[in-house]
Structure formats: C-alpha cells, structure tokens
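Visitor: Okay, sequence plus prediction incoming.
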Amino acid sequence: MRVGTDGPVRTITLNRPAALNSFTAEMHALLLPALDEAAADDSVRAVLITGAGRAFCAGQDLNDPGMAGSAVDVGAVIERHYRPLALRLRTMPVPVLAAVNGVAAGAGANFALCCDLVVASRSASFIQAFSKIGLVPDCGGTWLLPRLVGRARALGLAMTGDRLAAEEAARIGLIWQCLDDAGFMDGAMALARRLAAMPSRALAETRRALDSAAGMDFADALTLEADTQRALGRAGDFAEGVAAFLAKRAPRFRDR
C-alpha cells in the first residue's frame, strides 16, 4: 500500500502489482486504517484510490492463507474485511474517487463502485467474476449493480461474468467517465483536485441523501431534502458560497 498527499488530495495506491493488486488480509489491514486516517485528517478534502502496475484490483487473492482449505467460511471473510471496507467508503466525510487504471474484477470491481465517482482508462475493464467460482457479487455488488445499471444488466454482468470494457461501462452508467490511457492519472488527479475545492460536507451529504432516498417514497425523500438543507443552510460553506456568488469571486469552502 502506498499513501501520498498532494495538497488536499490523499492518494491511496493498492500496491501488489505482481498479483494484480488482489486483496489479502494484510492489504485489508492497511487499507481500512488508511481510509480512517484520511477521514480523520481535516486537511484532506478528497481521496483518490488507484492501483499500481497494469491492474486496479483483481479481487480476493484465492491464495491468501485465509482462503485456504476446503471449508472456507467466505461469509466470515466478508464480515471481517469487505463489509467494513464498503461501509467506510460510503460514509467518508469527503468525496472518494476511484481511478481504475486496468482490470477491476470481483471484489475489486465492486470496491471501485463503492466510491463516489469512478473514472477508468480506456484499456481498463470490469468483471463480475464471482459466478466463475460459485459465488455471488460481494463488497456491495448486489446493492450497487441494479441501482447503477438496472436489473437486466446487473443479472447479465453477474451471471455471465463477462468482461465489460471501460468505454461500455461509462455508456451504460456503471461508471462516471472513461478517459484516454495517455495522461489518465493526470486527468483523474485533476478531477480529484476539483472535488477537493468544492464544499466537502455538502458533497458527503449529497451521497447520503441519494443513497437514503433510494429506499424511500417520494414524500419521505422530500422531507430528507428539507432536513439536510436546513442543516447545510446553517453551515459556513453555504454563507461562503452565497457571499462568493454575490461578490463574483471564487469561494473558499472549509466545512467538513
């Protein structure tokens, strides 16, 4: 795992390139604390996650000691590692951007989809590889896929385990953007810096409101909007945004 800071952007790089950055217990022991540290650091206003080498993440490493044997409790692995990881991503106080630089397979694909925005290089791909080993999508995949692309495409991707090219992933709404390989990380970092300059608290509340509204009826969603706007309207970033708009200057957001 490599962790770096570029101004207000914290970059976390999965760093097992020889194994396509597949997850191990050791990697999880580093990844979740790195996200917790970014969440606790008030100077961090956006998190960028990517992979070293030619892959983003190939999912769970089946050679990891925790996956050895004929009677592995895969559910325990989910509860120990993937559930807290997915929940951490969906509750970060700042926006999280996944820069998918190569293949994202299995839990690696859904780990990326747990992030707020996903950009992928044109040569990258997404594979719901679970059916190939007799499992179902995890790391939030069962919740995310139908909400992102609809039931028919979610079932197609999950049941066939077919490779989905990044350009097609962007076309069907699975990810935010497909970028050219040349200058890919520069483009991803530019987006991360743009997010970092925006009102972090409002962006985090936008995520929370959209996720919560997915399980509500229309009237309850309207109530949630009013409650959220009431809280944000009393915060400093709203006052700063209005003042900057009226003064025709760039805002300086600080809430988190």
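Guide: Nice, I can see it.

Visitor: residue contacts, Ala243?
Guide: Ala243 is in contact with Pro251, counting by Cβ atoms under 8 Å, 6 or more residues apart in numbering. C-beta coordinates here come from the backbone N, C-alpha and C atoms, glycine included.

Visitor: Doesn't it belong to a helix?
Guide: Yes - counting by DSSP: H, G, I helix; E, B strand; the rest coil, Ala243 is part of a helix.

Visitor: how much space is there between it and Thr206?
Guide: Separation of Ala243 from Thr206 (Cβ to Cβ, to the nearest Å): 21 Å.

Visitor: which strands and helices sit next to the helix or strand where Leu48 lies?
Guide: Taking DSSP states H and E as the definition, one finds Leu48 inside strand 46-51. Helices and strands touching strand 46-51, by 3 or more Cβ pairs under 8 Å, 6 or more residues apart in numbering; DSSP states H and E, are strand 9-14, strand 96-100, helix 184-196.

Visitor: Can you list the strands that whichever helix or strand comes after the shortest one pairs with?
Guide: Same thing as strand 96-100. Per DSSP H and E, the first helix or strand lying C-terminal to strand 96-100 is strand 103-105. Strand 103-105 has the following strand partners under DSSP bridges: strand 55-57 (parallel), strand 125-127 (parallel).

Visitor: Which one, of these, ends up nearest to Phe111?
Guide: Distance to Phe111, taken as Cβ to Cβ, is lowest for strand 55-57 among the strands paired with strand 103-105, at 6.2 Å.

Visitor: ranges for the helices of the stretch 1-150 of the chain?
Guide: In the stretch 1-150 of the chain, the helices defined using DSSP state H, counting those that start in this stretch lie at 25-40, 74-77, 83-89, 107-113, 141-149.

Visitor: Deepest-packed of these, please.
Guide: Most buried of those, by mean neighbour count (mean count of other Cβ atoms under 10 Å): helix 107-113, with a mean of 28.

Visitor: for that helix, what is the average pLDDT?
Guide: Across helix 107-113, pLDDT averages out at 98.

Visitor: Need the contact partners of that helix.
Guide: Outside of helix 107-113, the residues within contact range by Cβ under 8 Å, 6+ apart are 21-23, 49, 55-60, 82, 85-86, 89, 98, 100, 104, 118, 126-129, 137-141, 144-145, 148, 174-175.

Visitor: Identify the residue nearest Val119 in space, chain neighbours excluded?
Guide: Counting by Cβ to Cβ, 6 or more residues apart in numbering, Val119 lies nearest to Gln177, which is 4.6 Å off, once chain neighbours are set aside.

Visitor: Fine by me, thanks again.
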